[in-house]
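A.B. asks: Quick check, what structure comes out for this input:
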Amino acid sequence: MTALRAATLTGLGAHRPAQRDGNTAIAERIGSSDSWIRERSGIVTRGVAGRDESVVDMATSAGGKALAAAGIDPGEVDLVLLATCSMPGPLPGGSPEVAYRLGARRAGASDVGAGCAGFTYALALAADSVRAGSADTVLVIGSEKLLPMIDPDDRGTAFLFGDGAGAAVVSVAERDGIGPVVWAHDGEQHERLVIDGAPLLLKMEGRAIYRWATTTLPDLARRACARAGIEPAELAAFVPHQANLRITESVVKSLGLPDSVLVARDVVDSGNTSAASVPLALARLAEQGEIRTGDAVLLFGFGAGLTAAGQVVLCP
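C.D. replies: Next up is the predicted model:
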């Protein structure tokens, strides 16, 4: 039997829509205010994909940037994994078209449907594919165009979401830079967040998800750190799913993270971008020089299902 290999992140990429929407128009429509939205979610603005800007378009943009950052030719990619819950229909998935557009002609391609935890689930699958020898290079992308699926009159969701895409390249390495994944679900609460109906609209029980996230995630985060052999206080950064700033602050407090651990708060400028939120937030920290090559970062996705997955990675 072949010994397991090592896997690491080698490049990051992000696509943020050019259009930005603030809170004012949304607040007026739902009978609220900018201050109410900020207090409830921390969100100030969010990216809005153009009418002709699709999940695949944004994924291709982010994926191309990640490959360029890693110095990888698209023809060398063995597998493309696209985490998304906002394709316009169940078939076809978006990953084959993304792979084709990028020029990854010999790659396998599959969509990963774990909602807001999709990127961290896909990252775990990518790392294990590399470790097992099924692939040398995997492109992992989270891309969402959620706003067309949001009821603009729903006071509970109209202000929360945004569009965008983030990507990472996973490559075979001499040393592991992606820690063991910790994942979980609470399928008993699977109806707390759904996209259904005609037209397709997102419906969410926000209070129930808040309770689940703030009571479940701290222990899972500690387990992810333990599996990677690091204490939470030793992390360089914590990058949770950017669901709501109140959830992030609650989890940070429960973990007792010191000020030395940088916490991603990308939700303030991007809104909740579901499967795209973790790679977008990670890419922003790297772009701004707030994390550096080799820094240990805890990634954690959670959401619909209810599902969660996290792992400690070394910044490329």
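
A.B. asks: OK, contacts around I26?
C.D. replies: Shown in contact with I26 (CB atoms under 8 Å, 6 or more residues apart in numbering): 32, 37, 152, 158-159. C-betas here are computed from N, CA, C, even on glycine.

A.B. asks: export the residues you listed to a markdown table and tack on distance to A18 and pLDDT?
C.D. replies: What follows is the contacts of I26, written out as a markdown table (distance: CB to CB, whole Å; pLDDT from 0 to 100):
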| residue | distance to A18 | pLDDT |
| --- | --- | --- |
| S32 | 26 | 95 |
| I37 | 22 | 97 |
| P152 | 21 | 95 |
| A158 | 21 | 95 |
| F159 | 20 | 96 |
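
A.B. asks: Which single one of those is nearest to E249?
C.D. replies: Taking CB to CB as the measure, I37 is the one of those closest to E249, at 16.1 Å.

A.B. asks: Can you tell me the SS state at that closest one?
C.D. replies: Three-state assignment for I37 (DSSP: H, G, I helix; E, B strand; the rest coil): helix.

A.B. asks: do the same with A7
C.D. replies: Assignment for A7 (three-state DSSP): strand.

A.B. asks: Spit out the contact partners of it.
C.D. replies: A7 neighbours (CB under 8 Å, 6+ apart): 126-128, 130-131, 170-173, 176-178.

A.B. asks: Strands - which of those land there?
C.D. replies: 170-173 (DSSP state E).

A.B. asks: Go through those and give me the one with the most neighbours.
C.D. replies: Highest neighbour count within the ones in strands among the contacts of A7, by other CB atoms under 10 Å: V170, with 34 neighbours.

A.B. asks: wait, what's in contact with that one?
C.D. replies: 7-10, 123, 126-127, 130, 137-140, 178.

A.B. asks: residue boundaries of the helices in this protein?
C.D. replies: In the chain, the helices defined using DSSP state H lie at 24-29, 34-41, 55-70, 95-102, 118-132, 206-228, 245-255, 267-270, 277-287.

A.B. asks: what is the rounded mean pLDDT of the longest one?
C.D. replies: For helix 206-228, mean pLDDT rounds to 95.

A.B. asks: The fourth one now?
C.D. replies: The pLDDT scores in helix 95-102 average 98.

A.B. asks: what helices or strands is that helix leaning on?
C.D. replies: helix 55-70, strand 79-83, strand 108-112, strand 137-144 (3 or more CB pairs under 8 Å, 6 or more residues apart in numbering; DSSP states H and E).

A.B. asks: Rebuild those as JSON lines, extending it with mean neighbour count and distance to G187.
C.D. replies: JSON lines is the format used below for those (neighbours: other CB atoms under 10 Å; distance: least, CB to CB, whole Å):
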{"stretch": "helix 55-70", "mean neighbour count": "24", "distance to G187": "26"}
{"stretch": "strand 79-83", "mean neighbour count": "30", "distance to G187": "19"}
{"stretch": "strand 108-112", "mean neighbour count": "20", "distance to G187": "17"}
{"stretch": "strand 137-144", "mean neighbour count": "32", "distance to G187": "22"}
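
A.B. asks: could the ones you listed be laid out in a markdown table, adding distance to R222 and mean pLDDT?
C.D. replies: What follows is the helices and strands packed on helix 95-102, written out as a markdown table (distance: least, CB to CB, whole Å; pLDDT from 0 to 100):
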| stretch | distance to R222 | mean pLDDT |
| --- | --- | --- |
| helix 55-70 | 29 | 98 |
| strand 79-83 | 24 | 98 |
| strand 108-112 | 25 | 98 |
| strand 137-144 | 24 | 98 |
